[in-house]
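Trainee: model this:
(2 chains)
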Amino acid sequence: MITPAMTTPAMTTPAVEVCNLTVAYQDKPVLWEVDMQAPSGALMAIVGPNGAGKTTLIKAILGLVRPLAGQALIYGKPYSQQRHLVAYVPQRNSVDWDFPTSVLDVVMMGRYGALGWLRRPGPAERSAALDALDKVGMADFAERQIGQLSGGQQQRVFLARALVQNAQVYLMDEPFQGVDATTERAIVRLLQELRSQGKTVLVVHHDLQTVPEYFDWVMMLNVRRIACGPVHEIFTEQNLRATYGGKIAFLHGNSVGEVHDGHRPALSQPAL
Amino acid sequence: MMDIGQLFHNLLFDYTLRTVALGAAILGIVSGALGAFAVLRRQSLLGDAISHAALPGIVIAFLLTRSREPVIFLLGALAAGWAATLSIAAITRTTRIKDDTALGLVLSVFFGFGLMLLTFAQKLPDARQAGLDKFLFGQAATLLQSDVIAMAAVGALALGATLLFWKEFKLLTFDADYAASLGYPVRTLDVLLTTLLVVAIVIGLQTVGVVLMSAMLVAPAAAARQWTNRLETMVGLSALFGALAGVSGALISSAVEKTPTGPVIVLCISAIVLVSLLFAPARGIAWRRLRDLKNQRRLRTASPL
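Mentor: Have a look, this model is predicted:
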């Protein structure tokens, strides 16, 4: 087991630090000179309109896309030296769920990094995977084929896979996207548990209304960093307007949301 | 037509038939197992491009060495298959051309070049005996025992590597980004798995030929997927279906005069695919239709309100 004390060189070192990061696909910049710090133990939402570079930011932190400039650090060191501290939850639709494998098999993949080359998962990996499935309320589905799951259940399988990595920092790409109420509650419970264990969690999030309820830190991104800090300081009408432009409606007090087609003016941004 | 008993007697004691059947079985096993990964990675067409691209490699190998050794031909095929794979990767990385277009381009350019070289080489005095054209549609009857031993050795290596890196290949196939986040060198694993695919293709070229080889990669895997939800079982079944089609094809073409082995093998595997698509439990069309009918009847007989 890794405790934060063993891995944090100094209390002041941020869990995730992004400095001057610029990423472009072909000739189109996706992230432009982005700076960001997530202190150890932060539960942070990353919000911004579609195409703002939220997924790219996560992938750049993980070294999955190569930046033109800048760098990302985990507890002060490059990702390549710290990957045992980081767990990744990709977007649910990034894989083919018709792949012939079981729920338990997918969750055990979370141990592959620790196992290393050639070693096969055994009883220890199996019981870790079953524990994680239990935490996300999916223990009864262990032997199920992954294609037979609902979207929310698939999402919880991905979360369980990240949980067995036993990491300090969790990077989650839209875990709430298109999930049922049961799954949403399960994810929220999980986030709170991770926070109580002192883990750092970065979540790409779409539902602006729930940001103050679920998170204590927020980063607002639209190619450039608009703002980043504690929700109660940063999550303001002015910053939201700067992030989303004119596409956002403000109704009495806290409730904010994106206008789309004029049907549901005060609710969440439509999931893509 | 021979009777069945005679056929099995020949399978054991007739040199040609035994060699052809063994060769076809080996090719079926190796291409079936590695084809399963190709299909799951949505690279079915990559196999087609690689096998067509092998043709210029074979002819160039002959032109350079003037040798008739199958090993030389297969080394040429291996090199050309590799060059095709690299070209596809280079085109998709450096231009805005999508991978399906890149596959089509490379397939037709390499194959066209191969056909041109073949026509040229055929005019050379010693080319007729070299039998270069047999690589177009395959000619199993030319297999020698030494060829089969070579196929078995290379095939065993390819299958051994697949088993050795099973966990890594499984992760790469299911979720490559996640594999990279765990620190696995995804590019290297991709190159390794693709190389094994090229090896599987090269093993089958002499028997099935460059034009039909991709069927031996795609069809057994497509059939196997129908019967199981486990990767282990799928790869095993795919290898079994490949071997079954190989041996049946060899037997049928030896029993019926003037039937080419390669195409008959492909017809056999197609029959297995057809049966699997129709009758496999859970995924088969027939069972699904039956279930739908049952459900309809139940709903109709149940009281409407």
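
Trainee: Out of the helices and strands in the chain, which is least certain?
Mentor: Since no chain was named, I'll use chain A. Averaged element by element with mean pLDDT, DSSP states H and E, chain A has its least confident helix or strand at helix A:4-7 (a mean of 47).

Trainee: right idea, wrong chain: chain B
Mentor: Counting by mean pLDDT, DSSP H and E, the weakest-scoring helix or strand in chain B turns out to be helix B:127-130, with a mean of 63.

Trainee: what's the closest non-adjacent residue to the residue in the stretch 1-150 of chain B positioned nearest to chain A?
Mentor: Here the stretch 1-150 of chain B gets closest to chain A at one residue, residue B:40, 6.5 Å apart by CB to the nearest CB. C-beta: built from backbone N, CA, C; applies to glycine. Of all residues not flanking residue B:40 in the chain, residue B:173 sits nearest, at 5.1 Å (CB to CB, 6 or more residues apart in numbering or on different chains).

Trainee: Same question for residue A:117.
Mentor: Closest residue in space to residue A:117, ignoring its immediate chain neighbours: residue B:168 at 7.2 Å, by CB to CB, 6+ apart.

Trainee: State the distance from that neighbour to residue B:133.
Mentor: Using CB to CB, to the nearest Å, residue B:168 is found at 40 Å from residue B:133.

Trainee: ok, now residue B:253?
Mentor: Taken as CB to CB, the span from residue B:253 to residue B:133 is 18 Å.

Trainee: what number of residues lie near the closest residue to chain B within the stretch 1-150 of chain A?
Mentor: Nearest residue of the stretch 1-150 of chain A to chain B (CB to the nearest CB) works out as residue A:113 at 3.4 Å. When neighbours are counted by other CB atoms under 10 Å in any protein chain shown, residue A:113 registers 20.

Trainee: Could you pull up the residues touching it?
Mentor: By CB atoms under 8 Å, 6 or more residues apart in numbering or on different chains, the contact list for residue A:113 reads A:83-84, A:165, B:182-184.

Trainee: how about JSON lines for those residues, with secondary structure added?
Mentor: Formatted as JSON lines, the contacts of residue A:113 follow (DSSP: H, G, I helix; E, B strand; the rest coil):
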{"residue": "A:83", "secondary structure": "helix"}
{"residue": "A:84", "secondary structure": "helix"}
{"residue": "A:165", "secondary structure": "coil"}
{"residue": "B:182", "secondary structure": "coil"}
{"residue": "B:183", "secondary structure": "coil"}
{"residue": "B:184", "secondary structure": "coil"}
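
Trainee: Can you select the buried ones from those in PyMOL?
Mentor: Filtering those down to the buried ones (16 or more other CB atoms under 10 Å in any protein chain shown) takes a single PyMOL command:
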select buried, (chain A and resi 83+84+165) or (chain B and resi 182+184)
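
Trainee: okay if I get the contacts of residue A:113 as CSV plus distance to residue B:203 and pLDDT?
Mentor: As requested, the contacts of residue A:113 are exported to CSV (distance: CB to CB, whole Å; pLDDT from 0 to 100):
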residue, distance to residue B:203, pLDDT
A:83, 38, 89
A:84, 40, 90
A:165, 39, 93
B:182, 32, 93
B:183, 33, 91
B:184, 27, 93
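
Trainee: which residues sit in contact with the closest residue to chain A within chain B?
Mentor: Closest to chain A within chain B is residue B:182: 3.4 Å, counting by CB to the nearest CB. Contacts were defined as CB under 8 Å, 6+ apart; by that measure residue B:182 touches A:83, A:112-113, B:171.

Trainee: Residue A:74 touches residue A:84, doesn't it?
Mentor: No. Using CB atoms under 8 Å, residue A:74 makes no contact with residue A:84, being 9.9 Å away.

Trainee: Show me what secondary structure element comes after whichever helix or strand residue B:30 is part of.
Mentor: Counting by DSSP states H and E, the element that carries residue B:30 is helix B:15-40. Moving toward the C-terminus from helix B:15-40, the next helix or strand (DSSP H and E) is helix B:44-65.

Trainee: so what does that next one touch, helix or strand wise?
Mentor: On a contact count with 3 or more CB pairs under 8 Å, 6 or more residues apart in numbering or on different chains; DSSP states H and E, helix B:44-65 meets helix B:15-40, helix B:70-94, helix B:99-122, helix B:134-137, helix B:186-208, helix B:213-227.

Trainee: Quick one: mean pLDDT over the helix holding residue B:30.
Mentor: For helix B:15-40, mean pLDDT is 93.

Trainee: can you pull the contacts of the residue of the stretch 1-150 of chain B closest to chain A?
Mentor: Counting by CB under 8 Å, 6+ apart, residue B:40 touches A:96, A:99-100, B:173, B:221, B:231.

Trainee: top of those residues by neighbour count?
Mentor: residue B:221 (28 neighbours).

Trainee: Tell me how many other residues surround the closest residue to residue B:83 other than its chain neighbours.
Mentor: Nearest residue to residue B:83, sequence neighbours excluded (CB to CB, 6+ apart): residue B:53, at 7.2 Å. Residues near residue B:53, counting by other CB under 10 Å, number 29.
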